[in-house]
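Engineer: give me coordinates for this.
(one chain, ligands or ions: 1)
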Amino acid sequence: MNILIKNGYVITVDPKRRMIKDGAIVIEGNKIVAIGKTDDIQKKYKAEEVIDAKNMAVLPGLINTHTHLFQVLLRSLGDDMKLFDWWPKMVGPASVHLKKEDVYWSALTGSLELLKSGCTTTMDNYYPHPVWGLTDECLKAFIKIGIRGIEAVGGTDKSEPYFPPPEVLVKNTDDIIREIVRLIKKWNGKANDRVHVWFGCGAPFANTDELVEKEHDNAEKYGVGMCDHLHETQDEVNQWKKENGGLTPIQYYYKKGIRFLGSNLVGIHCVWMDDEDLKIMAKTDTKVSHNPVSNMYLASGVCPVPKMLDMGITVSLGVDGPASNNDQDMFELMKSTALLQKVATCNPTAITAEKVLELATIDGARALRMEKEIGSIEPGKKADIILVDLKAANIAPVNRVASQLVYCAKSSNVHTVIVDGKVVIRKGSLRTMKEEEILKNVQETTDKLVERAGMTKLRERPWITKVQ
Ligand SMILES: [Zn+2]
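Structural biologist: You can find the predicted model right below:
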């Protein structure tokens, strides 16, 4: 199948960072084969399907490096709490009651929202296992809806007094590894290499050193990556320092020689970082997933992104789970990234719109070890491409497209989403499944979960204008 996209404003994010007016792209199968001016391309190529991108920006599909899609079911049930109230009081107890259908329909709903906001690749982090075998539902959902997905699977094998997970969620170390290896063997590379399975440990306070090292060793053995929540809140870093001779978790892993940090690890959040932590991240080439909306929602703090970029650390963007965001909107994420860094540093030059677009595309691809395949529009790369309609009240008139994509555009401006050469979203609507079916089912499963988990009270919270 050939697709020709023509007359668009093409933002390549290729090594030359080309911006091509009246640009065209040719897709053959799942690959980009040519890119250039529409006039030149049309003389050389014929296509079965032509997409007219007049008045549209054409850019690489956006890459989300962190979420927990099961939290779709828990949207807005945990307002006004810090992480260590929010998780043990709401997310943890609810997770005990998860069933297959919950995981499946929430993964579909979250993926639908991500796709409609221009996301073509997402890394999901699934960790609650009241019973084994729920994670498969996320991978089924990725394949069915048509998104490119990495499922980073984790688990808890440790209970801290300040992070007491429900007993059923605390697992035996080897059982966690066994489950992840099973998932790798079953799913890795399926759907034309569109889905992958990674190790997604959890966090230092939720994992023993033994689990961390076993995940690391097995990730190397199976050639996959890892992710882990690192230094999300000040309290957890302080607590760790108190218990470990003044070392932060990152310093602890590095100085104790625990096999963990490195180029195949994405550290999620990395908010409370001192200079030594940053040096270790740079030296070990450990990547970062920056989740600004979640960090604001849970009042966690501000990740020092400009410092990281100055030090050559790869930073990517994550929406984080829908219970701490509470949406999965990539455009809101990009704008929040820019604004948060500017206000936190009182410096308007802290980050540019162009750099934010890089974080959401090529740098995201680098974090996920896929920069040779996705993240930019170049011949030979996989065809993950989005079209954003610029002829809209919130964007017009067109002046400087890169800036307008970050500061003006909303997910409702996303017109077309192509993943692996297939048009998944056209004119803002999903083509692979019925949206209505997904939304109906997620409501039904959530209603049942809320009941089962005894969370009706959270749903029926009265009108509160000030938390006591
Ligand atoms: Zn997370």
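Engineer: how far does stretch 144-160 sit from the chain's center?
Structural biologist: 11 Å (CA atoms, centre = their mean, to the nearest Å).
Engineer: who touches Ile143 in this structure?
Structural biologist: 190-191, 194-195 (CB atoms under 8 Å, 6 or more residues apart in numbering). For glycine as for every other residue, the C-beta is placed from the backbone atoms N, C-alpha and C.
Engineer: from the residues you listed, which land in strands?
Structural biologist: Of the contacts of Ile143, the ones assigned to strands by DSSP state E are Val195.
Engineer: pull out the buried residues from the contacts of Ile143.
Structural biologist: 194-195 (16 or more other CB atoms under 10 Å).
Engineer: Thr286: which of the contacts of Ile143 is nearest?
Structural biologist: When those are ranked by distance to Thr286 (CB to CB), Val195 comes first, at 24.2 Å.
Engineer: tell me the pLDDT of Glu160.
Structural biologist: Model confidence at Glu160, given as pLDDT, is 89.
Engineer: thinking it is in contact with Phe205, fair?
Structural biologist: Yes. Glu160 lies in contact with Phe205 (CB atoms under 8 Å); the separation is 4.8 Å.
Engineer: so what sits against both of these two?
Structural biologist: Common neighbours of Glu160 and Phe205 are listed as Gln239 (criterion: CB under 8 Å, 6+ apart).
Engineer: quick one, helices of the stretch 251-400 of the chain?
Structural biologist: With DSSP state H, counting those that start in this stretch applied, the stretch 251-400 of the chain shows helices at 275-284, 292-297, 305-310, 330-345, 353-359, 362-367, listed in chain order.
Engineer: just those: most buried one?
Structural biologist: helix 362-367 (a mean of 26; mean count of other CB atoms under 10 Å).
Engineer: distance between that helix and the chain's centre?
Structural biologist: Relative to its chain's centre, helix 362-367 lies at 11 Å (CA atoms, centre = their mean).
Engineer: for stretch 153-173, measure first residue to last.
Structural biologist: This stretch, stretch 153-173, spans 13 Å end to end (CA to CA, to the nearest Å).
Engineer: show me what counts as buried in it.
Structural biologist: Within stretch 153-173, the residues scored as buried using 16+ other CB under 10 Å are 153-158, 160, 163, 165-166, 169, 171, 173.
Engineer: cool, stretch 50-68 as well?
Structural biologist: For stretch 50-68, the neighbour count (16+ other CB under 10 Å) marks 51, 53, 55-68 as buried.
Engineer: where in the stretch 251-400 of the chain is pLDDT low?
Structural biologist: For the stretch 251-400 of the chain, no stretch is flagged by pLDDT under 70.
Engineer: count the neighbours of the closest residue to Ala299 other than its chain neighbours for me.
Structural biologist: Distances taken as CB to CB, 6 or more residues apart in numbering place Lys82 nearest to Ala299, at 6.0 Å, with adjacent residues excluded. A count of nearby residues for Lys82, using other CB atoms under 10 Å, gives 12.
Engineer: okay, Ala53 and Ile418: tell me how far apart.
Structural biologist: Distance, Ala53 to Ile418, by CB to CB, to the nearest Å: 11 Å.
Engineer: same check, this time on Glu28
Structural biologist: 13 Å.
Engineer: give me the more crowded residue out of these two.
Structural biologist: Between Glu28 and Ile418, counted using other CB under 10 Å, the more crowded position is Ile418 (27 against 15).
Engineer: for the more buried one, grab phi and psi.
Structural biologist: In terms of degrees, to the nearest 10, the main-chain angles of Ile418 are phi -110, psi 130.
Engineer: contact partners for the closest residue in space to it that isn't next to it in sequence?
Structural biologist: Setting aside the residues directly before and after it, Ile418 is nearest to Ile385 in space (CB to CB, 6+ apart), at 4.6 Å. Applying CB under 8 Å, 6+ apart to Ile385 gives the contacts 5, 25, 27, 32, 58-61, 120, 377, 417-418.
Engineer: between these, which sits nearest Pro462?
Structural biologist: For those, the nearest to Pro462 is Val417 (39.8 Å; CB to CB).
Engineer: pLDDT at that closest one, what is it?
Structural biologist: In this model, Val417 is scored at 99, pLDDT.
Engineer: isn't there a strand covering it?
Structural biologist: Yes. With DSSP: H, G, I helix; E, B strand; the rest coil as the criterion, Val417 is located in a strand.
Engineer: helix, strand, or coil at the spatially closest residue to it that is not a sequence neighbour?
Structural biologist: In this structure, Val417 finds its nearest non-sequential neighbour in Ile425, 3.7 Å apart by CB to CB, 6+ apart. Using three-state DSSP, the structure places Ile425 in strand.
Engineer: who are the contact partners of Ile425?
Structural biologist: Ile425 neighbours (CB under 8 Å, 6+ apart): 115-116, 414-417, 431.
Engineer: just those residues now: which is nearest Val467?
Structural biologist: Among those, and counting by CB to CB, the member closest to Val467 is Lys116, at 32.6 Å.
Engineer: coming back round to it: how about TSV for the helices of the stretch 251-400 of the chain, with distance to Thr109 added?
Structural biologist: Converted to TSV, the helices of the stretch 251-400 of the chain look like this (distance: least, CB to CB, whole Å):
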stretch	distance to Thr109
helix 275-284	33
helix 292-297	18
helix 305-310	29
helix 330-345	16
helix 353-359	25
helix 362-367	22
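Engineer: secondary structure element for Ile150, which one?
Structural biologist: In the assignment (DSSP states H and E), Ile150 maps to strand 148-153.
Engineer: direction included, what does that strand pair up with?
Structural biologist: Sheet pairing of strand 148-153 (DSSP bridges) gives strand 119-126 (parallel), strand 195-199 (parallel).
Engineer: now that strand: average pLDDT?
Structural biologist: Strand 148-153 comes out at a mean pLDDT of 98.
Engineer: what's it in contact with?
Structural biologist: 61, 111, 120-127, 135, 138-139, 142, 179-180, 183, 187, 194-200, 225-227, 368, 374, 384, 419-420.
Engineer: can you list the domains in the chain?
Structural biologist: Listed by automatic domain parsing, the domain ranges of the chain are 2-60+377-430, 62-367.
Engineer: most packed of these?
Structural biologist: domain 62-367 (a mean of 21).
Engineer: just to revisit the earlier point, among the contacts of Ile425, which one sits closest to Leu359?
Structural biologist: Of those, the one sitting nearest to Leu359 (CB to CB) turns out to be Val414, at 18.2 Å.
Engineer: how about the closest residue to that closest one other than its chain neighbours, what does it touch?
Structural biologist: Spatial nearest neighbour of Val414, excluding adjacent residues (CB to CB, 6+ apart): Gly118 at 4.6 Å. Residues in contact with Gly118 (CB under 8 Å, 6+ apart) are 61-62, 330-331, 386, 388, 411, 414, 417.
Engineer: one step back: dump the strands paired with strand 148-153 to CSV, plus distance to Glu232 and mean pLDDT.
Structural biologist: Converted to CSV, the strands paired with strand 148-153 look like this (distance: least, CB to CB, whole Å; pLDDT from 0 to 100):
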stretch, distance to Glu232, mean pLDDT
strand 119-126, 13, 98
strand 195-199, 18, 98
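Engineer: list just the one of these that sits closest to Glu101.
Structural biologist: It's strand 119-126; of the strands paired with strand 148-153, that one is closest to Glu101 (CB to CB) at 15.0 Å.
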